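>>> just to be clear, the model below is a prediction. Sequence and coordinates:
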Amino acid sequence: MKKAFYWVNIGLLLALLISLTPAPVLAQGIACESEVTVQADDWLSKLADKFYGDSLAYPAIVAATSARAASDDSFTALSNPDVIEAGWKLCIPSAADAQALLSGSFGQAMAAGGGEGAIVIALSEAPTSLDPADHRSRQSETVIRNMFDGLVTRDTRNGVHLELAEAMNWLDPQTLEVKLRQGVKFHNGAEMTADDVVFTFNRIIQENAIEYPEPHTSPRKGLIAPLQSIDKVDDYTVKLNFSGVWPPAMQLLVHQQIVPKAYIEEVGTKGFIEHPIGTGPFKFVEGQLDDQIVLERFDDYWGGAPDLPPVGPAPIQRAIFRVIPEASTRVAALLAGEVDIIQAVPPELVDTLGLSEGVNVKTAPGTEPQWLQLDVKNPLFADQQVRQALNYAMDKDLIIEAIYGGRAVALPGPLSPFNDFVNKNLAPYPYDPDKAKAMLADAGWTDSNGDGVLDKDGQPFAFTIDTLEQWRALAEGVAGILREIGIDAGVRFWEYSVVKDQLLACERQAFLDDWGDSAFDPVGHFEAKWATFTEGQPYGRGNFSCYSNPRVDELIKAGETEADVAARHAIYDEAQQLVYDDAPAVFLILPEVAEASSARVQNWEPASDSRINLHDVSLK
């Protein structure tokens, strides 16, 4: 039977986007030319035709009414443009304001009024910290990279370039000498020296080196685990000492930004996160993590990586990172001109948004493979045959076309197909629902009572897919495909910070999410997802399947320090084959990164690692 995915009319979609947008984002300042009480035979398009002579102008009424409802509870926020009830009070804006709302020019005028040279970026999630040593969040790193620099940086396609390091030289396979640029200033005017670099890395690799809010070890340590120590040679030279050969060193040093030793020692970690200071192109002004972060240009910026022109201070005067978790609200804010760049354009809206005048939708190769991770300790998924059956049941091609519009590829197992060490002998599990049903029957799962749901020993095959809001379309698509073979799968949405500890404690049945692979090397990725979870170590820190295979653990550790490329390939090939066969997850897809900007944004491209670097961006 052909599967049906839900499609919406473009006009209704735009109306929905506007209806979901909170007042401060879209319709601040709109006045009600009329206040109307809904009658029994009213509907929005009828009222739009009455007041504007155009039934398609009803989204302006939705936006204005929802805006007024935020501050006046005599109005009703309209969450569904198809539903209004008699007695509700609506705000009818003037024809000019309605036109401005519909065209986005009202929001653009407001944005322009916020100060020339200001750019607003809508983040899909709130940053967890502005301390470069105390987070594991791409959103945090997006903001941090605009305030801080590292020894090396990355371009939009994952090429690595020298940044604060003027030169780097391996003295031997375990010792990296770094010559630092001279004359680089922190935002407080102090010069960056080797003391700051040594302090930065010690704060990451030493146990309990971060003292606030209580002593704890940096969550970034896992990204540079082989670093044993760092020595100051002179004011502008340091040596990094590794425990052994570490092939992905350059790619993973990208994720460590340099902080000011003297300033942190003076104000402590608490003072530092309240007012962070770095060497980056923008300096902190104000903000809250769950609301917005305001930065302004650092006029004494040293210029940035010479390999990534233009070099010099940022063209933009001010950058505002605004947290807008709801995808449709981000899109509506962009259409209204309230924001300039949005993260994580929902796959089902990419084509529609691309048709909007004044908006540019851009994509980049993705680095966040997505899986449905199955708790192998849960009785439902303890049987390897069942887990493999779910892989055969998954129509990844349908998902890629129907949800992502072809902008994704199927995963050939536990690594991205673009990882430098992917096992090229593995292919994605083929879609074979008949085989899936036969394997499930062999495992005892049949529809014994004819109700359409598989059961075993009197219990239905039913479970909940836990996920994040940003994966709604994918999760619901996966659940729908599973229901077609008789598995009663539902979907529940969480904040990651709330559900993470439950996942590591094996308290959830299945979790659909991604994990970054921006280094294109198994290190930093494979040990996080497929190694046995070890408290206080980087191994298994993202293992939400509660999976454990001692041989995989051995191979992971061997691959981390193997210098010979061919030998590393052999190690990781075996590890991937084992995980592929064990199937602790349904290996889904690798989607492209999809972001969008207003047409006034210049010299911006989305990055494969999802970070937004504003150093070179300008506005016209």
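That came through, no problem.

>>> what's the end-to-end length of stretch 367-385?
Distance between the boundary residues of stretch 367-385 (CA to CA, to the nearest Å) amounts to 29 Å.

>>> typed the wrong thing, it's stretch 354-373
Start-to-end, stretch 354-373 (CA to CA) is 32 Å.

>>> in it, what counts as buried?
Residues 356, 359-373 are the ones in stretch 354-373 that count as buried (16 or more other CB atoms under 10 Å). C-beta coordinates here come from the backbone N, C-alpha and C atoms, glycine included.

>>> and what of stretch 446-464?
453, 454, 455, 456, 460, 461, 463.

>>> if I look at residue 308, how far off is residue 415?
From residue 308 over to residue 415 the distance is 28 Å, taken as CB to CB, to the nearest Å.

>>> run through the residues that contact residue 563.
Taking CB atoms under 8 Å, 6 or more residues apart in numbering, we find residue 563 in contact with 173, 245, 247.

>>> hmm, which of the residues you listed are the buried ones?
Applying 16+ other CB under 10 Å to the contacts of residue 563 flags 245, 247 as buried.

>>> tell me the one among the contacts of residue 563 nearest to residue 71.
Nearest to residue 71 among the contacts of residue 563, counting by CB to CB, is residue 247 at 57.1 Å.

>>> hmm, back to that, what's the most distant pair in the buried residues of stretch 354-373?
Among those, 356 and 373 lie farthest apart (CB to CB), at 35.4 Å.

>>> check contacts around the residue positioned nearest the centre of the chain.
Residue closest to the average C-alpha location in the chain (CA atoms, centre = their mean): residue 138, at 5.9 Å. Applying CB under 8 Å, 6+ apart to residue 138 gives the contacts 516, 609, 610, 611.

>>> and for the first one, the neighbour number?
For residue 516, the tally of surrounding residues (other CB atoms under 10 Å) stands at 20.

>>> secondary structure class for the closest residue to it other than its chain neighbours?
The spatially closest residue to residue 516, leaving aside those adjacent along the chain, is residue 368, at 5.6 Å (CB to CB, 6 or more residues apart in numbering). Judged by DSSP: H, G, I helix; E, B strand; the rest coil, the three-state class of residue 368 is coil.

>>> is it true that residue 368 touches residue 513?
No: between residue 368 and residue 513 there is no contact under CB atoms under 8 Å: 9.0 Å.

>>> how much space between residue 433 and residue 399?
Separation of residue 433 from residue 399 (CB to CB): 14 Å.

>>> between the two, which one's more packed in?
residue 399 (25 against 15).

>>> ok, back up a step: what does the residue nearest to residue 516 show for phi and psi?
phi -130, psi 80 (degrees, to the nearest 10).

>>> which ones are touching it?
Contacts of residue 368 (CB under 8 Å, 6+ apart): 514, 515, 516, 517, 590, 591, 610.

>>> those in strands, which ones?
Under the assignment DSSP state E, the contacts of residue 368 contribute 514, 590, 591 to strands.

>>> with adjacent residues omitted, what lies nearest to the first one?
Nearest residue to residue 514 in three dimensions, chain neighbours excluded: residue 368, at 3.8 Å (CB to CB, 6+ apart).

>>> check the last one too.
By the measure of CB to CB, 6+ apart, the closest residue to residue 591 outside its immediate chain neighbours is residue 408, 4.1 Å from it.

>>> how many other residues sit next to that neighbour?
Counted with other CB under 10 Å, the neighbours of residue 408 add up to 21.

>>> check residue 543 too.
For residue 543, the count of nearby residues is 23 (other CB under 10 Å).

>>> I'd like the distance between it and residue 403.
26 Å.
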